[in-house]
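Colleague: A predicted structure for the sequence below; I have some questions about it.
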Amino acid sequence: MPNPTTLPSWQKLKAHQHDDMRDLSLREELAKPERFEHFSIPFHNMLFDFSKHLATPTTLSLLANLAKESGVGKLRDSMFAGEKINHTENRAVLHIACRAPVTSKIMVDGENIIPVIHDVLTRMKDFSDQIRNGAHKGFTGRPITNIVNIGIGGSDLGPRFVVEALHDYNDGPEIHFVSNVDGHDISRTLETLDPETTLFVIASKTFSTEETMLNANAAKNWLLETLPAEAVATHFVALSTNLDAVQKFGIAQENMFPIRDWVGGRYSLWSAIGLSISIAIGFDNFRKLLDGAHAMDEHFATAPPDKNIPMLMGLLGIWYRNFYDYPAHALLPYDMRLGKLAKFIQQTDMESNGKEVDRDGHVVNYATGPVIFGEAGTDSQHSFMQLVHQSPLPIPADFIICNKPHHNLTANHQSLMANCLAQSRALAVGQTHEEADGDPFRVFTGNRPSTTIVLPELTPFYLGVLIAAYEHKIFVQGAVWHLNSFDQPGVELGKKLAKPLRALLESKKTDPELDVSTKGLLQNISGNY
């Protein structure tokens with residue numbers, strides 16, 4: 001594909017933004033009776049409302065043309081067909097296959113991978129059931145009451161977010177998550193646990209990720225302070241493909257759940273990486289999570305651009321990032337259970353599209369991934385929303401609400417909903433000088449765009465829909481920007497540089513080739529240089 005800025009649709013959007021949108025008033029647009037109906041899309045009793053965006057029907061038509069000229073649909077079809085669209089690593093991108101029904105057929109290198117996926121799912125179900133019903137006991141015969149998921153990045157953020165979001169469905173063992181190499185993370189988790197009733201889930205595709213393996217070995221040493229070496233086989237399972245390393249660690253082969261290379265880390269909660277989710281909420285609910293994501297997959301693959309939810313989410317993000325030069329995007333779930341949504345999507349989005357080189361290896365001359373941040377509910381209003389409302393540089397936002405809570409505090413829920421609606425309205429329509437009684441400090445310019453997503457309630461199915469919508473939004477933006485959204489070289493450089501620095505810390509030696517700043521910091525840290 002050519003540079004997207006050279007496409008006819010890009011040039012037309014540029015002219016449209018400059019010539020037609022400078023006088024657009026969301027206050028006036030939202031006074032039109034047909035606006036909400038034309039700019040909102042119902043989906044499985046959910047609602048995706050795009051009516052508060054700086055967009056007209058012409059805008060959406062031009063954005064749809066941009067998607068067509070950028071080959072978004074073609075790349076999407078290639079992904080669903082199992083083609084190796086992750087070209088820098090020569091891999092297919094098939095997290096979508098992990099939630100496909102058993103009747104599907106997706107070929108990779110001549111193999112239909114669906115039976116492999118469902119074999120792993122069956123094993124996950126069996127193991128989850130055995131933990132939950134007490135059939136799988138610890139080494140001393142006591143039932144497992146606590147699970148510690150040890151992973152980092154996608155092996156932590158996705159499962160952690162889902163387990164917390166679906167806390168109301170958690171009727172299994174208590175789930176803990178350890179990710180940071182900082183020893184405080186693992187030590188504070190272990191200090192309240194009993195080795196005889198604790199199971200560790202080590203989530204590492206290669207079984208060599210430094211942070212994960214340091215924490216895994218710390219957990220193993222902690223266990224062996226109380227139990228014999230044979231207990232490792234009973235108290236550890238691995239989510240990995242490295243059988244030799246897993247067995248060397250002491251984990252039995254039957255307790256290793258494989259992950260194929262066509263499942264990227266930040267898209268992996270649907271795979272064996274979701275074992276902790278399945279243990280927490282039960283496999284039937286885990287299956288509903290997959291079913292919700294699959295429903296959004298089918299929608300993304302078949303719906304026309306003007307009614308395609310992830311397509312619109314992605315294209316409107318392009319509209320603001322590239323034509324308005326808005327550098328950030330806020331995620332504002334008005335539901336505490338979704339409190340880690342921003343952190344989870346932050347990784348998925350910024351690791352996917354935080355790139356400066358396109359698929360052909362050329363340095364781009366246009367903005368790519370935005371800064372993603374957010375906070376749950378009314379906490380955000382007492383944190384960063386001052387800037388979102390009155391900064392000279394607007395920040396598009398997504399508001400997510402759940403109609404039906406899982407509590408009976410009606411007054412609290414009504415206040416939460418009212419605050420959410422008030423925030424999105426305030427961003428859109430603002431407050432004039434007259435409405436502020438002439439007080440310039442209380443003037444809100446408005447015209448700040450947002451999407452509102454309404455879930456009937458927070459269930460595994462609707463959570464699956466929501467997560468998949470964001471995954472496909474990111475895909476759309478990467479396709480338009482002509483990026484490989486499925487590698488992460490920026491993660492790798494820091495790890496590469498850390499290894500020799502750790503050796504210097506251990507040996508108390510120096511390296512004359514180091515820059516003066518790093519050399520000085522090493523001296524300050526160790527006091528021995």
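Modeller: That came through fine.

Colleague: CA atoms for contacts and neighbours, from now on please.
Modeller: Will do.

Colleague: quick one: the strands in the stretch 51-200 of the chain, in order.
Modeller: Ranges of strands in the stretch 51-200 of the chain, per DSSP state E, counting those that start in this stretch, are 107-108, 111-112, 146-150, 174-178, 198-203.

Colleague: in TSV: these, plus mean neighbour count, mean pLDDT and distance to residue 386.
Modeller: Below are these laid out as TSV (neighbours: other CA atoms under 10 Å; pLDDT from 0 to 100; distance: least, CA to CA, whole Å):
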stretch	mean neighbour count	mean pLDDT	distance to residue 386
strand 107-108	14	96	50
strand 111-112	12	96	52
strand 146-150	24	98	37
strand 174-178	20	98	33
strand 198-203	26	98	39
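
Colleague: now render these as a markdown table, adding distance to residue 163.
Modeller: Output for the strands of the stretch 51-200 of the chain, formatted as a markdown table (distance: least, CA to CA, whole Å):
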| stretch | distance to residue 163 |
| --- | --- |
| strand 107-108 | 31 |
| strand 111-112 | 31 |
| strand 146-150 | 11 |
| strand 174-178 | 8 |
| strand 198-203 | 14 |
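
Colleague: out of those strands, the one nearest residue 333 is which?
Modeller: Evaluated with CA to CA, the strands of the stretch 51-200 of the chain place strand 174-178 nearest to residue 333, the distance being 22.0 Å.

Colleague: now the closest one against strand 198-203, angle please.
Modeller: 50 degrees (axes from the mean of the first three to the mean of the last three CA atoms, to 10 degrees).

Colleague: neighbouring contacts of strand 174-178?
Modeller: Contact with strand 174-178 is made by 145-152, 156, 160, 163, 185-186, 189, 215, 276, 280, as judged by CA atoms under 8 Å, 6 or more residues apart in numbering.

Colleague: mind listing the helices in the stretch 351-500 of the chain by residue range?
Modeller: With helices called from DSSP state H, counting those that start in this stretch, the stretch 351-500 of the chain shows them at 385-390, 410-429, 460-480, 489-507.

Colleague: ok, and what's touching the shortest one?
Modeller: Outside helix 385-390, the residues that touch it by CA under 8 Å, 6+ apart are 394, 395, 426, 427, 444, 445, 446, 448.

Colleague: the fourth one - how many residues pack around it?
Modeller: For residue 427, the count of nearby residues is 26 (other CA atoms under 10 Å).

Colleague: dump the residue contacts of it.
Modeller: Counting by CA under 8 Å, 6+ apart, residue 427 has contacts 389, 444, 446, 447, 448, 449, 450.

Colleague: for the residue nearest to the spatial centre of the chain, what is the enclosing helix or strand?
Modeller: For the chain, the residue nearest the mean C-alpha position is residue 345 (3.2 Å; CA atoms, centre = their mean). Using DSSP states H and E, residue 345 sits in helix 341-353.

Colleague: tilt between that helix and helix 489-507?
Modeller: Helix 341-353 and helix 489-507 are oriented at 100 degrees to each other (the same axes, to 10 degrees).

Colleague: which stretches of the stretch 251-400 of the chain form strands?
Modeller: Using DSSP E, counting those that start in this stretch, strands in the stretch 251-400 of the chain cover 256-257, 328-333, 371-374, 397-404.

Colleague: pull the residues that contact the first one.
Modeller: Strand 256-257 has contacts (CA under 8 Å, 6+ apart) with 120, 123, 124, 237, 238, 239, 240, 241, 243, 246, 272.

Colleague: at 7 Å instead, please
Modeller: Contact with strand 256-257 is made by 120, 237, 238, 239, 240, 272, as judged by CA atoms under 7 Å, 6 or more residues apart in numbering.

Colleague: what about it, average pLDDT?
Modeller: If you average the pLDDT over strand 256-257, you get 96.

Colleague: can you give the strand pairings for that strand, parallel or anti for each?
Modeller: If you go by DSSP bridges, strand 256-257 pairs up with strand 236-239 (parallel).

Colleague: the partner strand: how far from the chain's middle?
Modeller: 23 Å (CA atoms, centre = their mean, to the nearest Å).

Colleague: which is the next helix or strand following that strand?
Modeller: Using DSSP H and E, the next helix or strand after strand 236-239 towards the C-terminus is helix 243-249.

Colleague: give me the mean pLDDT for that next one.
Modeller: Throughout helix 243-249, pLDDT has a mean value of 95.

Colleague: do stretch 61-75 as well
Modeller: Across stretch 61-75, the average pLDDT comes to 98.

Colleague: repeat for stretch 321-331
Modeller: For stretch 321-331, the mean per-residue pLDDT is 98.

Colleague: first-to-last residue distance for that stretch?
Modeller: 16 Å (CA to CA, to the nearest Å).

Colleague: what about this structure, any weak spots by pLDDT?
Modeller: Applying pLDDT under 70 to the chain flags the ranges 527-529.

Colleague: give me that answer again for 50
Modeller: 529 (pLDDT under 50).

Colleague: right, so the helices of the stretch 351-500 of the chain: which one is the most enclosed?
Modeller: helix 460-480 (a mean of 23; mean count of other CA atoms under 10 Å).

Colleague: strand 397-404 and that helix, what's the angle between them?
Modeller: Using the same axes, to 10 degrees: helix 460-480 against strand 397-404 is 160 degrees.

Colleague: give me the helices and strands touching helix 460-480, please.
Modeller: Here helix 460-480 touches helix 72-80, helix 283-302, helix 309-318, going by 3 or more CA pairs under 7 Å, 6 or more residues apart in numbering; DSSP states H and E.

Colleague: circling back: in CSV: the contacts of helix 385-390, plus distance to residue 36.
Modeller: Below are these laid out as CSV (distance: CA to CA, whole Å):
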residue, distance to residue 36
394, 22
395, 22
426, 17
427, 16
444, 23
445, 21
446, 18
448, 17
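
Colleague: distance to residue 329 for the helices of the stretch 351-500 of the chain - can I get that in TSV?
Modeller: What follows is these, written out as TSV (distance: least, CA to CA, whole Å):
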stretch	distance to residue 329
helix 385-390	10
helix 410-429	14
helix 460-480	13
helix 489-507	21
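
Colleague: just to revisit the earlier point, buried only: go through the contacts of strand 174-178 for me.
Modeller: In the contacts of strand 174-178, burial by neighbour count holds for 145-152, 156, 160, 163, 186, 215, 276, 280, counting by 16 or more other CA atoms under 10 Å.

Colleague: looking at those, spot the one nearest residue 359.
Modeller: Nearest to residue 359 out of these is residue 152 (CA to CA; 26.7 Å).

Colleague: distance of the closest one relative to residue 371?
Modeller: Taking CA to CA as the measure, residue 152 falls 21 Å from residue 371.

Colleague: ok, now residue 52?
Modeller: Using CA to CA, residue 52 is found at 21 Å from residue 371.

Colleague: among the two, which residue is more densely surrounded?
Modeller: residue 52 (25 against 15).

Colleague: tell me the contacts of the more buried one?
Modeller: 26, 428, 449, 450, 451.

Colleague: what backbone torsions are found at it?
Modeller: The phi and psi values for residue 52, taken as degrees, to the nearest 10, are phi -100, psi 30.

Colleague: what do you get for residue 180?
Modeller: Backbone geometry at residue 180, expressed as degrees, to the nearest 10, gives phi -80, psi 140.

Colleague: what does residue 39 give?
Modeller: Torsion angles, degrees, to the nearest 10, at residue 39: phi -120, psi 20.

Colleague: do you know how far it is from residue 397?
Modeller: 16 Å.

Colleague: who has more neighbours, the two?
Modeller: residue 397 (24 against 19).

Colleague: who are the contact partners of that one?
Modeller: By CA under 7 Å, 6+ apart, the residues touching residue 397 are 329, 330, 331, 449, 450, 451.

Colleague: make CSV out of those and add neighbour count and distance to residue 408.
Modeller: Compiled in CSV, those are given as follows (neighbours: other CA atoms under 10 Å; distance: CA to CA, whole Å):
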residue, neighbour count, distance to residue 408
329, 24, 33
330, 22, 29
331, 24, 26
449, 24, 32
450, 26, 29
451, 21, 27
